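Enquirer: Attaching a predicted model along with its sequence, questions to come.
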Amino acid sequence: MEFQIQPACATQARPIARLIMLAMNYECCQYFAGPHHTLTDFEDAMTRLVTADESQYSWRNTLVALDAERNVAGVCVTYDGGQLHRLREAFLKEARESFGRDFSDIDDETQAGELYLDSLAVRPDCQKKGIATALLKASIQRAKELGLPRVGLLVDQGNPSAEHLYHAVGFTYANDATWGGHPMRHLVYNIER
């Protein structure tokens, strides 16, 4: 399969939002939307967050893989972990306004000193073709360009296939973590100086 990795653009917000939801998993998305809202409502909210300039999910923080027809086949959302609180404000505001929910006490999933890989997903029809690996390698390159010493991510302990992919690219175990009530592993890729 032919694909091209490039920075995202705002016009790709809807397919990016759908892939972020795939990365989050739909159960998690429904949790954030609450019992009185649908996954479609959550997709609309995520699309607004992707369109925003100052959001952890912004198109500005996103690399896309485009298929031969120039459709979004995969996404990788990354940002400087030191900017988490500033970038998260958009999500907190969206959750309050769209769903009447307050997540201001949500756990921090990253910290300063790492390019945080927030979301990585590939369309199901495009999986197993090297897209996720290419997006990971492009993110490592982005960390180098930003002068950050490592790339970090959280992987659900119940997702060994994703963890295997990260290890194959060079990520190593750093510590156990919890996010959203799920047991996670914090993996890092240390940038050589």
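Expert: Sure thing, it's come through. Residues are numbered from 1 along each chain as shown.

Enquirer: Would you state the helices of this structure in chain order?
Expert: All helices of the chain, identified by DSSP state H, fall at 13-24, 26-33, 39-51, 84-99, 131-146, 160-169.

Enquirer: ok, and the helix or strand in this structure with the lowest average confidence?
Expert: Least confident helix or strand, the chain: strand 172-179 with a mean of 88, by mean pLDDT, DSSP states H and E.

Enquirer: which sections of the chain are below the confidence cut-off?
Expert: 180, 193 (pLDDT under 70).

Enquirer: ok, back up a step: give the other helices and strands that the least confident helix or strand of the chain contacts.
Expert: strand 150-156, strand 182-190 (3 or more CB pairs under 8 Å, 6 or more residues apart in numbering; DSSP states H and E). In short, each C-beta sits where N, CA and C put it, glycine included.

Enquirer: out of the helices of the chain, which comes closest to I5?
Expert: helix 131-146 (4.9 Å; CB to CB).

Enquirer: Centroid-nearest residue for the chain?
Expert: Central residue of the chain (CA atoms, centre = their mean): S119, 1.5 Å from the mean position.

Enquirer: these two touch, right, that residue and I16?
Expert: No - using CB atoms under 8 Å, S119 is not in contact with I16, being 9.0 Å away.

Enquirer: what residues do the two have in common as contacts?
Expert: 57, 75, 77 (CB atoms under 8 Å, 6 or more residues apart in numbering).

Enquirer: Enumerate every residue touching R48.
Expert: Neighbouring residues of R48 by CB under 8 Å, 6+ apart: E94.
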